[in-house]
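[1] Generate coordinates for the sequence data below:
(one chain, ligands or ions: 1)
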Amino acid sequence: MRVLPQGVQSTFQFILIAAKRAEQLIAGARPRLVTHTAKPTTTALAEVEQNLVPWHLVTATEFEQLRLLEIAAREREEHTPLFPAPAPIIPPVVEPEIALDEDEELDDDLEETPDLDLDEVDGPPAEALLTEEVCEKCGAPMVKKPDGPGNFIMCSTFPECKYVREIAE
Ligand SMILES: [Zn+2]
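    Coordinates of the predicted model:
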């Protein structure tokens, strides 16, 4: 039979105190003595036995107050991050690397592309000039040629179809 530490009235009380202390150790409290075991219950019993854990009986009102304090403390703990939030990762801005050789090739390609001379493109005019005539070659509607001598209509599918016809008017 254990010798009860000073102030402890019964084995039952002793076990209760040790159990509460074991809860604290499990929750991460620092042990108050070095034991041969890592078992929190064994450590708690040894601590209480050596009067290393201060304790006192509380009234129902005190118990309720302490309970609320504990709940508040746990909530604070849960909302406090263990580690500071990591800094946001900003992706590095990578300048596109264009090799000089590629650059030169690109210039060559551009030079090979023929310049588009808008004056030379004799395309169909706006839809407003659509006529009721139909192309004799492809059946597409004919459009009025905007400028040039004479009164001409041309295929609206130009340059696919280059049919042009003079009209009487
Ligand atoms: Zn046509």
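[2] pLDDT of the lengthiest helix in the chain, averaged?
    The longest helix of the chain (DSSP state H) is helix 60-78. What helix 60-78 shows for mean pLDDT is 89.
[3] Least confident secondary structure element in the chain?
    Least confident helix or strand of the chain, by mean pLDDT, DSSP states H and E, is helix 100-112 with a mean of 54.
[4] Quick check: next helix or strand after that helix?
    strand 130-134 (DSSP states H and E).
[5] Strand partners (parallel or antiparallel) of that next one?
    When pairs are called by DSSP bridges, strand 130-134 turns out to pair with strand 141-144 (antiparallel).
[6] does the strand it pairs with come close to the ion?
    No. Judged by Cβ under 5 Å from the ion, strand 141-144 stays clear of the ion, getting no closer than 7.7 Å. Heads up, the C-betas are built off the backbone N, CA and C, glycines and all.
[7] Any residues of the protein in contact with the ion? List them.
    Neighbours of the ion within the chain, by Cβ under 5 Å from the ion: Cys135, Lys137, Cys138, Ala140, Cys155, Cys161, Tyr163.
[8] Going by distance to Leu66, which of those residues wins?
    Lowest distance from Leu66 to the residues of the chain next to the ion (Cβ to Cβ) belongs to Ala140, with 92.4 Å.
[9] Count the neighbours of the closest one for me.
    16 (other Cβ atoms under 10 Å).
[10] for Phe152, same thing?
    16.
[11] what kind of secondary structure is Leu25 in?
    helix (DSSP: H, G, I helix; E, B strand; the rest coil).
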